[in-house]
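A.B. asks: model this:
(2 chains)
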Number of protein chains: 2
Amino acid sequence: METGVALFEKEKPIPPYVRVSATSLKRVVRDIFVSLGLSGFDAEIVADVLVTADLMGISSHGVQRVERYVAGIENGAVNVNPDMKFTIDYGAIALLDADNGLGHIAGLKAMRMAIEKARLHGVGLVLVKHSHHYGIAGYYALKAVEEGMIGLSTTNSEALVAYIGSVERYLGTNPIAFAAPRRNPPPLLYDGALSIIPVGKIEVYSKTGREIPSGWVISRTGEILHGDARRVYEAIKSREAAILPLGGYLEEYGGHKGSGLALIVEIICGVLSGAAWGIHVGYTTVKNANVGHAFAAIDISKFMDLGLFYDRIEQLINEVKSLKKSPHVEKIWIPGEKAWLTMQTRLKIGIPIHLNIFRKLEEIARKHGVLFDVEVLEERLT
Amino acid sequence: METGVALFEKEKPIPPYVRVSATSLKRVVRDIFVSLGLSGFDAEIVADVLVTADLMGISSHGVQRVERYVAGIENGAVNVNPDMKFTIDYGAIALLDADNGLGHIAGLKAMRMAIEKARLHGVGLVLVKHSHHYGIAGYYALKAVEEGMIGLSTTNSEALVAYIGSVERYLGTNPIAFAAPRRNPPPLLYDGALSIIPVGKIEVYSKTGREIPSGWVISRTGEILHGDARRVYEAIKSREAAILPLGGYLEEYGGHKGSGLALIVEIICGVLSGAAWGIHVGYTTVKNANVGHAFAAIDISKFMDLGLFYDRIEQLINEVKSLKKSPHVEKIWIPGEKAWLTMQTRLKIGIPIHLNIFRKLEEIARKHGVLFDVEVLEERLT
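C.D. replies: Residues are numbered from 1 along each chain as shown, chains lettered A, B, ... in the order given. Purely as a prediction, here's the structure:
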């Protein structure tokens, strides 16, 4: 089944897992959220963001998060029926109060507003406060691309990253997403956290027994943790360690840059929006988590004919792909290309879901009286 | 003279050098550009940007660049009497055609337009094409701060950085500057290139005989160059090597992030503006260098009372400065703090100018009939 020439997966699944159809997975996730009190409209958005992450090969932000969101709903941290309102709407900017609803719903609403603002004013900037985790930043940036615009999206998140010179968690991983349209897919999509690595990577290393290289994680005593991935992962889970910022420890390789850029995200998404920042940003199961996001859209057609933009970005991409390759790589990739190929592949052969996650989803569905009719296309148990 | 308690210099001067008064240095630099045909108004801007860089301790972008700009003017690459026009002015966006004038003049004009746009629409985005090198990105971001706004500024530049997976120079160092006002100075000012280090650092290492650590520079054959700084610097000067992006070589420490972010800068400043991008961006002495810049301003007062913003950013900064310190640092710094302290120091005791640069400036002044009355406050020749 996985023998087609064009099949590509950015993230290789680790057995035991099952491959399931995206459509059926999305339907079940949607139904779970409806059973918990979300409107069908809102539940569809959340399910779409989560399943899109799995399709793109970003399983850390995919349906494995359902458990966490459900916990937040069950303990009342997440408002299932939020009254999301634009409390500021001025020219090219707006501020959305997400009323403690899920970030995905707020994110889509805010991005659509940014797009409308861009259509009217050339650019639109929309901030969000009183929100929760919003999944993959790239999802929202791509909404602008659907309108022939450039999209930007960023968010703060629970403190996990050490600011330069410190050994404590203060900054979120604070991803920045940027998407630009092309004449033909895939669009260019950059989506990267400002931590040196995603925390999910350490979890994967701990499961697969790989060694953690030096320079990713720092302990509260100032020791750079590396080697045994289980020990490093435990230190992070028990809050005894922080992830280093992009650029690593201190200034030699640019730790002031990664932590400076992450600080900018805290200022825009937190300080300026009225949301929380740094250590005050809550996890999904925390009341008043007050996560903040920012969305921007730029209407390309106000700067130049869209056809000309397409020609120009195509030339840029062709030039980059034709650069002299390092002896350590087989090809040069454009941001978003791997995620797009993974999506095409998984739409064909299904999304691999780790067996533990699959069983957890089934348990949640049963508990809430939701029919668990996820279509399994393949089982890979060992 | 340098014994005051509060004296601080981010960049320690290397003898032989002279310390000169900022005012007299700025006057002479201004006069040099006037003698070359710039208007007094324009020459004052260029001199202010350059001397501000020296005051901040960013000598790589200070008056040592005068020689390069003069060469560009003399060979006709730089238009001394540009007809800079906003060819697009639509809602919250604008595009400035810099008519091959110096980037500093275009930059200030564009940033002022972004500020006006922000005042009217909450946010303003202004792109610039047909420009030249604009000096320090932070200078323009700070202009928004003077108006109680958040300022952003970025530019592309001559190709010097290898895109991930490649061993060739393609991307510029592409700095991003962000500035936010505070109740009392210094404002928060982040100004950092998306290369792992500034090229000037390798030059300094080569002059002082320090070893280059592994991971900064890659040769065209895919070898990571390190050790002997003179050899590494020669390889860069002869275009046999490229600087690595923030995040370093390949993906392990995030080279896809640094080069992805630098690619975004090329798309906004180059592809979207109508300027050049990547390898097509010219040095100051190249005709139609076609450097592109982007400027944005956000009017804080449209989001919240400025006093409240000041309270909130002060809390953020106090929290960051109180974080548990790494055993390897004496204190935790906020972006822009070192530059500001350096500026206060140098306004008092003078700007250190390397003797070679000082003599070169004198030679240029004499050649153009400009009185070289730079006030020397101190000589440190050995």
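A.B. asks: switch to C-alpha atoms for all contacts and neighbour counts from now on
C.D. replies: Will do.
A.B. asks: Would you mark the buried spots in the lowest-mean-pLDDT helix or strand in chain A?
C.D. replies: Scoring the helices and strands of chain A by mean pLDDT, DSSP states H and E places helix A:199-208 at the bottom, with a mean of 86. For helix A:199-208, the neighbour count (16 or more other Cα atoms under 10 Å in any protein chain shown) marks A:199, A:202, A:203, A:204, A:205, A:206 as buried.
A.B. asks: And stretch A:296-305, by the same measure?
C.D. replies: Neighbour-count burial for stretch A:296-305, counted by 16+ other Cα under 10 Å, picks out A:296, A:297, A:298, A:299, A:300, A:301, A:302, A:303.
A.B. asks: Could you list every helix and strand in contact with the helix or strand just after the least confident helix or strand of chain A?
C.D. replies: Counting by DSSP states H and E, the next helix or strand C-terminal to helix A:199-208 is strand A:211-219. Counting contacts by 3 or more Cα pairs under 8 Å, 6 or more residues apart in numbering or on different chains; DSSP states H and E, strand A:211-219 packs against helix A:199-208, strand A:224-228, helix A:229-237, strand A:241-243.
A.B. asks: cutoff 7 Å now
C.D. replies: Using 3 or more Cα pairs under 7 Å, 6 or more residues apart in numbering or on different chains; DSSP states H and E as the contact test, the elements touching strand A:211-219 are strand A:224-228, strand A:241-243.
A.B. asks: before we move on, back to that, could you check the angle helix A:229-237 makes with the least confident helix or strand of chain A?
C.D. replies: Computed with axes from the mean of the first three to the mean of the last three Cα atoms, to 10 degrees, the direction of helix A:199-208 lies at 140 degrees from that of helix A:229-237.
A.B. asks: Which pLDDT value does the model give residue A:1?
C.D. replies: Residue A:1 is assigned 43 on the pLDDT scale.
A.B. asks: again with the one 4 residues further on
C.D. replies: Confidence per residue is given as pLDDT, and for residue A:5 that number is 52.
A.B. asks: the domain parsing of chain A - what is it?
C.D. replies: Domains of chain A are assigned by automatic domain parsing as A:17-77+A:349-380, A:85-196+A:244-302.
A.B. asks: Of those, flag the one that's most buried.
C.D. replies: Among those, domain A:85-196+A:244-302 has the highest mean neighbour count (mean count of other Cα atoms under 10 Å in any protein chain shown), at a mean of 26.
A.B. asks: now it, how far from the centre of its chain.
C.D. replies: Relative to its chain's centre, domain A:85-196+A:244-302 lies at 10 Å (Cα atoms, centre = their mean, to the nearest Å).
A.B. asks: what do you get for stretch A:347-356?
C.D. replies: Distance, stretch centre to chain centre, for stretch A:347-356: 19 Å (Cα atoms, centre = their mean).
A.B. asks: go on, stretch A:243-261?
C.D. replies: With Cα atoms, centre = their mean, you get 21 Å for stretch A:243-261.
A.B. asks: Now the element after the longest helix along chain A, going C-ward?
C.D. replies: The residue-count maximum for a helix in chain A (DSSP state H) belongs to helix A:103-121. Per DSSP H and E, the first helix or strand lying C-terminal to helix A:103-121 is strand A:123-131.
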